[in-house]
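1. this is a predicted model, with the sequence first.
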Amino acid sequence: NAGYCYRSSVEEADPAGVQAMFDANFFGMVAMIKKVLPGMRERHDGAIVNVSSIGAVRTGAASGYYAATKAAVELMTEGLRAEVAPLGIKAMIVEPGAFRTHFYDTSLKGSDNTVSDYAETAHKRSVAQNVNTRQQPGNPLKAGYPIIKAVEADDTPMRLYLGSDALAAVRGALNARLEELEKWADVSVTTDFDD
């Protein structure tokens, strides 16, 4: 669990800032996994718990790049899980909602570029507009035990959602995806060969 959020519209983002966030949020995690896997493979035991975000299933203006790092973490972890499960190693994703931490104080960065057309979208969520109300529902002191319980379970989940806000956000996002999938299903199938 390492990383931060670089808030910016897609267009305004500084490529170096986005790369630095990917290095911390994704490639740093991969480097750590590569360091610990040899020992786990030797023991045929271990667990890798990667912390993602509800941003991996739904995002908004100014958070596209952050969400992309978390989606990358999730899909990499799914692949990793398939690779290491036969070796006796567990891999799990934790998707927390908003927790009352210093994330909103010290872990937000952003672009200095401004395009006035984004005043009503991305700029409303810029770092300069951020105020940490310290009203997030998640209690950091309660996060550890559910993770341990899930890792120690015989049926360790692929994803563990932490917080009532995480459950609500993910349910909403998945329901919206299913609704859209069904709405456009008749169009989707038109690309098949006519046998």
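-> Perfect, thanks for sending it. Numbering: from 1, shown residues only.
2. where does the prediction get shaky in this protein?
-> For the chain, the stretches with pLDDT under 70 are 2, 99-108, 123, 125-132, 134, 138.
3. where do the strands sit along it?
-> Taking DSSP state E to define them, one finds strands in the chain at 5-7, 46-51, 89-96, 108-110, 159-162.
4. now these in JSON lines, with mean neighbour count and distance to residue 34?
-> Yep, even glycine has a C-beta here, placed from its N, CA and C like the rest. Shown next, in JSON lines, are the strands of the chain (neighbours: other C-beta atoms under 10 Å; distance: least, C-beta to C-beta, whole Å):
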{"stretch": "strand 5-7", "mean neighbour count": "26", "distance to residue 34": "24"}
{"stretch": "strand 46-51", "mean neighbour count": "18", "distance to residue 34": "11"}
{"stretch": "strand 89-96", "mean neighbour count": "22", "distance to residue 34": "13"}
{"stretch": "strand 108-110", "mean neighbour count": "19", "distance to residue 34": "26"}
{"stretch": "strand 159-162", "mean neighbour count": "20", "distance to residue 34": "22"}
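5. nearest to residue 122 among these would be which one?
-> strand 5-7 (7.7 Å; C-beta to C-beta).
6. same for that closest one, what does it pack against?
-> helix 15-22, helix 64-84, strand 108-110 (3 or more C-beta pairs under 8 Å, 6 or more residues apart in numbering; DSSP states H and E).
7. and the second one, what's buried?
-> In other words, helix 64-84. Using 16 or more other C-beta atoms under 10 Å as the test for burial, helix 64-84 gives 64-74, 76-77, 80-81, 84.
8. closest to residue 159 among those residues?
-> The closest of the buried residues of helix 64-84 to residue 159 turns out to be residue 74 (C-beta to C-beta; 7.6 Å).
9. ok, now which ones touch that closest one?
-> Residue 74 sits next to 50, 52, 56, 93, 159 when contact means C-beta atoms under 8 Å, 6 or more residues apart in numbering.
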